[in-house]
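# I need the structure of the sequence given here:
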Amino acid sequence: MPTTRTAADGDTLCNFAIDAGFFNCQALRADPANSGLLNRALKSGDVVTIPDLRPRTENCDTDKVTKFVRKNTPPVSIRFVHGSPNKHYLNDTTLAFLDVSNHITDRGGPEDDDKFPDQFEFRQPGHDDPDTFKVEVVDSAAGDSLNVKVDALKRVLLPDGSFGHDVFPGGMAAFRTIDPPPPCQKVRSGVAYRSKYLRLVSDGADRDAKKAQVLLVTDATDQGDPGLEILDQAVRAVYEVTRCPGNPKCAISTTAPVGSDTDPRKPRQRIRLALHVVRLAPGGAPVVTIANADRRVTRWFRRVYAQASMAPIIVKATEEVDPVSNLIAVSEFDPARPGIPGGVSARGDGQLGFRLSATGLAPLVVGPLTPTRGDSAAKTANALAALVTAPYSAVVTVNPARFPDPPASRSADILIKPSNVTIDQLISGDSRQTLTVGRPNPANFQSWDGNNFLVGSIQQRTILKNYDSGSDRIDVFVVQTVTSGNLGEAMMSGHKIDPQRRAIDPVKFSAFVIQSTMDGSDTNPTTLPHECGHVLLELIHANGHRNATQLMTGQPIPDVATLNGTKRIKDGLQSFDFPVGSFRQLKRMRVEGAPVLDPF
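Below you'll find the model as predicted:
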């Protein structure tokens, strides 16, 4: 008597038939009760009728051994595996999720010293990348090889309010599939079929380097969907059952998400960012548009950090800011006086003071004040700030010592409000405790001098102390150019570099990048990710073998995105020049960068 089964997503008529003892689904397709299920995939809730097996009689000689072969075992199945050098195929672990590879796409081995293997079976250079995967199919009735379709899926909201995955629309799907479909060859023991080693990549240069063995999982910013996350996507492998008599044939599939919150090596996390575009003059034109600055994050920053299972999140609406000049430094380092760190008044031999004025407000003369011998910059700054009265106000912050200076030799800054104040008529007569006004010039912004990247230049501090939005995100400021000629400069915490010189909250976790790295083009695509890498890692530059392809390389960052560009975040130990040592970047980002990270 016929029975029924209720389908779940992924079930097929063929597998229902095989479970019931049939060779394929022909008998199920012939049953009128299943007529509405023949031209589409089964979905959850479909009721499938299973007819009775029909007995069959064979006439055989009674004095001979007759062998009967059952053709329908084992059931047809498909899964993702990484493979192993010593396990039996069917004992290999099924991959519950897939990660974006951080190796050079066409290279294999732990240091990318070998070619990425394009042969079947186990190959050590492919196995050395923990992010590689294979598609495995079990079908006892297939031939020597078969093909599978592998494509990327986007996250979608389902009618019941939950989230699932579905195919990308039209033209977007064409770039998110492996074309032609990768072949799977029968393994030596004959129990299954497996593809070659495959990889997930996040940009076109990587995809083009090995099209037959890579799947592109990338953003859709330029296609009008800047919110599309790489780490929200999934990978699906589909096999059309060879023995199926239907048209279309029954197809089995498996789906795995890109990244996982429980991945012990690189769990999914978000990097909190706040972007500030500096205007060339107060009230003037910004150096780049807000839209272009955001695009650099949702396109290139997202692509680079996908390999570390990290994604950006802009926690504060991107804004334009003015280059205000409302900061006065006490004992700012003077490059013209090498060896004289300042900070402490040597003799109390001069007066200090200044005048404040702003539109609609009466001017205020502050001082003059004569420091006492031995006064610190902080004491002098606080004494001057106490002389600032309404409608003006002043806040003092004390900076860490520069690397060449004694730990006690610390400058101090006085930030005046309102921010549109004019500071002039400086009296700066003390031989050690000079006064300097921060006057940012976004067209040629003052860099730190190589010894004070935990302190910052006075122009950098003026911007940071006005617009820093918190020490739980990376504040990024876009200027036209910087005086050093660098593409960007970062301020990290410094607590591991030198606990006596760690950066203060308004300065740490910040970065300055120049206009050409944040405009509407795709030039210098890894500059912003590189500068934020300093913040996350609290390290300077990668060196050693193949460091030229590392995101944190000290070599020039290329203008365009290339296969061998500076965009990799190595799995294993990577040597760095400062602090000197070898570090595991994926782990260190999550430890040192924890203050600016969120769960995904």
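
# Which residue ranges make up the domains of the chain?
3-50, 77-257, 261-324+440-600, 325-439 (automatic domain parsing).

# Residue 60: which of those is closest?
domain 3-50 (20.4 Å; C-beta to C-beta). Any C-beta I mention is one placed from the backbone N, CA and C, and that applies to glycine too.

# The closest residue to residue 188 other than its chain neighbours: neighbouring residues, count only.
Using C-beta to C-beta, 6 or more residues apart in numbering and skipping residues adjacent in sequence, the residue nearest residue 188 is residue 121, 7.2 Å away. Residue 121 has 13 neighbours, counted by other C-beta atoms under 10 Å.

# any idea how far residue 184 is from residue 121?
12 Å (C-beta to C-beta, to the nearest Å).

# Helices of the stretch 1-150 of the chain, residue ranges please.
In the stretch 1-150 of the chain, the helices defined using DSSP state H, counting those that start in this stretch lie at 13-19, 26-30, 124-127.

# Give me the contacts around the shortest one.
Same thing as helix 124-127. 82-85, 108-109, 114-117, 132, 196-197 (C-beta atoms under 8 Å, 6 or more residues apart in numbering).

# ditto for stretch 417-430
282, 322, 324-326, 328, 345, 348-359, 361, 365, 367-368, 370-371, 391-395, 416, 434-437, 466.

# so residue 353 sits in a helix?
No. Residue state for residue 353 (DSSP: H, G, I helix; E, B strand; the rest coil) corresponds to strand; a helix is not indicated.

# where are the low-confidence patches of the stretch 451-600 of the chain?
The stretch 451-600 of the chain contains residues with pLDDT under 70 at 544-546.

# residue ranges of the strands in it, please?
In the stretch 451-600 of the chain, the segments counted as strands under DSSP state E, counting those that start in this stretch are 474-479, 488-491, 510-514, 542-543, 573-577, 580-584, 597-599.

# what would the ones you listed look like in JSON lines with distance to residue 239 and mean neighbour count?
Formatted as JSON lines, the strands of the stretch 451-600 of the chain follow (distance: least, C-beta to C-beta, whole Å; neighbours: other C-beta atoms under 10 Å):
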{"stretch": "strand 474-479", "distance to residue 239": "44", "mean neighbour count": "28"}
{"stretch": "strand 488-491", "distance to residue 239": "47", "mean neighbour count": "24"}
{"stretch": "strand 510-514", "distance to residue 239": "46", "mean neighbour count": "26"}
{"stretch": "strand 542-543", "distance to residue 239": "42", "mean neighbour count": "22"}
{"stretch": "strand 573-577", "distance to residue 239": "39", "mean neighbour count": "18"}
{"stretch": "strand 580-584", "distance to residue 239": "37", "mean neighbour count": "13"}
{"stretch": "strand 597-599", "distance to residue 239": "35", "mean neighbour count": "13"}
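
# Quick one: closest of those to residue 212.
Among the strands of the stretch 451-600 of the chain, strand 573-577 sits nearest to residue 212 (C-beta to C-beta), with 29.5 Å.

# tell me the angle the closest one makes with strand 580-584.
150 degrees (axes from the mean of the first three to the mean of the last three C-alpha atoms, to 10 degrees).

# export strand 573-577 as PDB, just CAs?
Extracted C-alpha coordinates of strand 573-577, given in PDB (Å, rounded to 0.1, in the frame of the first residue of the first chain):
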ATOM      1  CA  LEU A 573      53.600  33.700  12.300                       C
ATOM      2  CA  GLN A 574      54.600  36.900  10.500                       C
ATOM      3  CA  SER A 575      57.700  38.900  11.300                       C
ATOM      4  CA  PHE A 576      57.300  42.600  12.200                       C
ATOM      5  CA  ASP A 577      59.900  45.400  12.500                       C
END
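
# contacting residues around that strand?
With C-beta under 8 Å, 6+ apart as the criterion, strand 573-577 contacts 539-544, 547, 550, 552, 554, 581-585.
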